[in-house]
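S.K.: Sequence and predicted structure, then a few things I'm wondering about:
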Amino acid sequence: MTIIDATYSPEDNKLRLYASSRLDAETYARVKELGFKWAPKQELFVAPKWTPKREDLCIELAGEIEPEGTTLAERAEAKAARLDDLAQKRAQQSNAFLRAADDLSQAFHMGQPILVGHHSERKARKTQEQMHGNMDKAVKASKAVQHWQWKATGVERHANRKNSDRTRANRIKTLLVELRDLQRDINHAALCLKVWEKATTDALIAKIAGGFVNKQAICHWDHHRAFCEGTITAQELRDMSMRNSQAVIDSPMRRRWIDHTLNRLAYERDLLESVERFEGELTAVILQGFAREHGSMKPTAKASDLGFELTSAVPLPLHIANSKTLDQSADDWRDLMQAVGYTVPNKKPAKPSILNFRAGELFALDRCHEGEAEKFQQVEMTKAEYSKVNPECRGTRNSLCGTFRFKICLDPNAGGPSYSRPWVAVFLTDSKEHPVPEGLKPAGDEATSQAA
C-alpha cells in the first residue's frame with residue numbers, strides 16, 4: 001500500500017507530495033494532469049504553485065496537508081551540495097584524462113616524430129589520436145566543473161534573493177495586485193447584477209445586452225450572440241446573465257483564492273516586519289486608500305457619528321465587510337487595518353516652492369560632480385515663450401541651499417544644436433515676482449551669489 005504525505009511551503013507557494021512507493025497509473029495521471037512535476041533528486045512530486053484543485057487532490061490522497069519540513073534555504077543548500085559533488089566528479093574526470101594524455105605523450109618525448117612508412121607509423125598515429133582525444137575530454141570536463149560551480153553559486157544566490165527584504169516587499173505588491181484582480185471580477189459581477197435587476201422590459205434588455213460596464217461586457221458574448229440569432233428570448237438572456245453574475249459573486253473557488261492570497265500576505269508581512277497599529281490621525285483619504293488597495297470599487301469615506309463610514313457602489317470585499325457600507329469608530333478601523341496587514345504609507349515630503357525673481361545667476365548642486373555647484377545664468381522670457389520650449393528641454397532645479405526651486409531650460413538665444421546649448425535659469429516677466437530669498441544678492445550687484 002502506497003502511503004502519501006502532502007506538504008505546503010508558504011516560502012515558495014508550492015505543494016509537495018511524498019509517496020512511499022511508485023504511484024499507480026490512475027493516480028499518476030491525475031497528479032501529472034494537475035501540473036505536479038517529479039523531482040528525482042528529492043524523490044517527490046512538486047507543483048509550481050498553490051491552486052484549489054491541487055489542494056483538493058493533496059487532501060484526497062494524503063488526508064491533510066502539513067507544513068513543509070525543510071526551508072527554502074535548506075533545500076538550496078542541499079541542491080548546491082549536489083552540484084558541488086557533480087563539479088568535483090567532473091574535476092576528477094578532467095585530471096584523469098590529463099594524466100592519460102600525459103602518459104600517451106611520452107611516446108613523443110623529446111619531439112620524437114612519426115616515421116612515415118615505418119612499421120611504427122600506425123601505432124604512433126593511434127597513440128596521437130588517443131592523446132588528443134583525452135586532451136579534448138579533459139577540456140570539456142574542466143568546462144563542466146566551471147558550469148556546475150556556477151550553478152551551485154546561483155542556487156544559493158537565488159535563495160538569498162528570495163528571502164531579501166526588497167524581494168519580499170515586491171512580492172507583497174504582486175500579491176496585492178492579484179487580490180485586486182480577484183476582487184475586480186466580483187465587483188464587475190455585482191454591477192452587472194445591479195443593471196440586470198433594473199432591466200425588466202424586453203426593449204431595455206435588448207438595449208443593454210451588448211453594452212459595457214467599466215469597459216467590460218455586461219453579458220457573455222455567447223449568450224448575446226444567441227439572443228441576436230433569436231435562439232433565446234430577452235427574458236432568458238436576463239435570467240442567464242443574472243445567474244452567471246450571482247455565481248461569480250458566490251463562487252467558493254474564488255473565495256478560496258482570496259483567502260489564500262490574504263494568508264500569504266499576512267505571512268510575508270510577518271517576515272518582513274510586524275505591522276504596527278496606526279496611531280496617527282485617521283482621515284477619509286486614508287480609509288479610501290486602504291479600501292482601494294484591497295479591491296474595493298471606487299470607495300468613498302466620510303466622517304460619521306461613530307467615526308467613519310466607508311461606502312462602495314458594490315459590496316465591499318468580504319474581509320472588510322459583507323455589505324456596501326461599513327460604519328465604525330476610528331479605533332475599530334485601526335484594528336481592521338492592522339488585522340489585514342495594511343500599513344498607512346508615509347506622506348512624501350513636499351517639494352520646495354518654485355520662486356520667480358531676478359538674480360542674474362543661480363546655483364544648484366552639480367549632478368555630475370558630487371559636492372560641486374553648477375551655475376545657471378538667468379534669462380528673461382514670457383510664459384508663452386517658455387511654454388513653447390520642448391518639455392524635454394525645460395524643467396526645474398533645486399537651489400543650492402535647498403529652500404526653493406527655479407525654472408530652467410536650454411538657452412534659447414544660443415546657436416547650434418540643442419545638445420550643445422547650455423542650461424539657463426528662467427525669469428518669467430509676466431508672472432508674479434517673488435522677493436529675493438535671504439542670502440541672495442539682487443540682480444545687478446557686482447558679486448551676485450547664492451548662499452550654500
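M.R.: Sure, I can see it.
S.K.: in the strand ranked longest in the chain, what counts as buried?
M.R.: Ranked by number of residues, the top strand in the chain under DSSP state E is strand 373-381. Under the neighbour-count criterion of 16 or more other C-beta atoms under 10 Å, strand 373-381 has 375, 376, 378, 379, 381 buried. The C-beta positions use only the backbone N, C-alpha and C, and glycine is treated the same way.
S.K.: Same question for stretch 13-24.
M.R.: In stretch 13-24, counting by 16+ other C-beta under 10 Å, buried: 13, 14, 15, 16, 17, 18, 19, 23.
S.K.: so which pair among those residues is furthest apart in space?
M.R.: Largest separation among these by C-beta to C-beta: 13 and 23, giving 23.5 Å.
S.K.: Show me which of the buried residues of stretch 13-24 is closest to residue 422.
M.R.: Lowest distance from residue 422 to the buried residues of stretch 13-24 (C-beta to C-beta) belongs to residue 13, with 54.3 Å.
S.K.: Dihedrals phi and psi, that closest one?
M.R.: When quoted as degrees, to the nearest 10, the phi and psi of residue 13 stand at phi 60, psi 40.
S.K.: How about the contacts made by it?
M.R.: By C-beta atoms under 8 Å, 6 or more residues apart in numbering, the contact set of residue 13 is 49, 50, 264.
S.K.: now do 6 Å
M.R.: 49, 50 (C-beta atoms under 6 Å, 6 or more residues apart in numbering).
S.K.: Model confidence for it, exactly?
M.R.: Note for residue 13: predicted pLDDT of 88.
S.K.: Distance check, it against residue 30.
M.R.: Distance, residue 13 to residue 30, by C-beta to C-beta, to the nearest Å: 21 Å.
S.K.: same thing with residue 17?
M.R.: As judged by C-beta to C-beta, residue 17 and residue 30 stand 11 Å apart.
S.K.: just to revisit the earlier point, could I get the buried residues of strand 373-381 as JSON lines with pLDDT?
M.R.: Shown next, in JSON lines, are the buried residues of strand 373-381 (pLDDT from 0 to 100):
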{"residue": "375", "pLDDT": "91"}
{"residue": "376", "pLDDT": "94"}
{"residue": "378", "pLDDT": "94"}
{"residue": "379", "pLDDT": "94"}
{"residue": "381", "pLDDT": "94"}
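S.K.: just the buried residues of stretch 13-24 now: which is nearest residue 301?
M.R.: Nearest to residue 301 out of the buried residues of stretch 13-24 is residue 13 (C-beta to C-beta; 33.0 Å).
S.K.: show me what contacts residue 206?
M.R.: Residue 206 touches residue 234, counting by C-beta under 6 Å, 6+ apart.
S.K.: Confirm it sits in a strand?
M.R.: No - in this structure, residue 206 is helix, not part of a strand, as judged by DSSP: H, G, I helix; E, B strand; the rest coil.
S.K.: Tell me which other helices or strands the longest strand of the chain touches.
M.R.: In terms of contacts (3 or more C-beta pairs under 6 Å, 6 or more residues apart in numbering; DSSP states H and E), strand 373-381 is packed against strand 361-365, strand 423-428.
S.K.: Which of the buried residues of stretch 13-24 sits closest to residue 406?
M.R.: residue 13 (50.5 Å).
S.K.: With distance to residue 166 and secondary structure as extra columns, can I get the buried residues of stretch 13-24 in JSON lines?
M.R.: Converted to JSON lines, the buried residues of stretch 13-24 look like this (distance: C-beta to C-beta, whole Å; DSSP: H, G, I helix; E, B strand; the rest coil):
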{"residue": "13", "distance to residue 166": "18", "secondary structure": "coil"}
{"residue": "14", "distance to residue 166": "22", "secondary structure": "strand"}
{"residue": "15", "distance to residue 166": "27", "secondary structure": "strand"}
{"residue": "16", "distance to residue 166": "27", "secondary structure": "strand"}
{"residue": "17", "distance to residue 166": "32", "secondary structure": "strand"}
{"residue": "18", "distance to residue 166": "33", "secondary structure": "strand"}
{"residue": "19", "distance to residue 166": "37", "secondary structure": "strand"}
{"residue": "23", "distance to residue 166": "40", "secondary structure": "coil"}
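S.K.: now those residues in TSV, with distance to residue 290?
M.R.: Below are those laid out as TSV (distance: C-beta to C-beta, whole Å):
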residue	distance to residue 290
13	25
14	31
15	32
16	35
17	39
18	41
19	45
23	47
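S.K.: now, which of those residues sits nearest residue 68?
M.R.: Closest approach between the buried residues of stretch 13-24 and residue 68, by C-beta to C-beta: residue 16, at 6.4 Å.
S.K.: isn't the closest one right up against residue 8?
M.R.: No - in this structure residue 16 lies outside contact range of residue 8 using C-beta atoms under 6 Å: 7.7 Å.
S.K.: so the longest strand of the chain versus strand 423-428, what angle?
M.R.: Per axes from the mean of the first three to the mean of the last three C-alpha atoms, to 10 degrees, the angle that strand 373-381 makes with strand 423-428 is 40 degrees.
S.K.: Give me the buried positions along the next helix or strand after strand 373-381.
M.R.: Toward the C-terminus, strand 373-381 is succeeded by helix 383-387 as the next helix or strand (DSSP states H and E). Taking 16+ other C-beta under 10 Å as the neighbour-count basis, helix 383-387 is seen to contain the buried residues 385, 386.
S.K.: Same check on stretch 400-416?
M.R.: Buried, per 16+ other C-beta under 10 Å, within stretch 400-416: 400, 401, 404, 405, 406, 407, 408, 409, 410, 411, 412.
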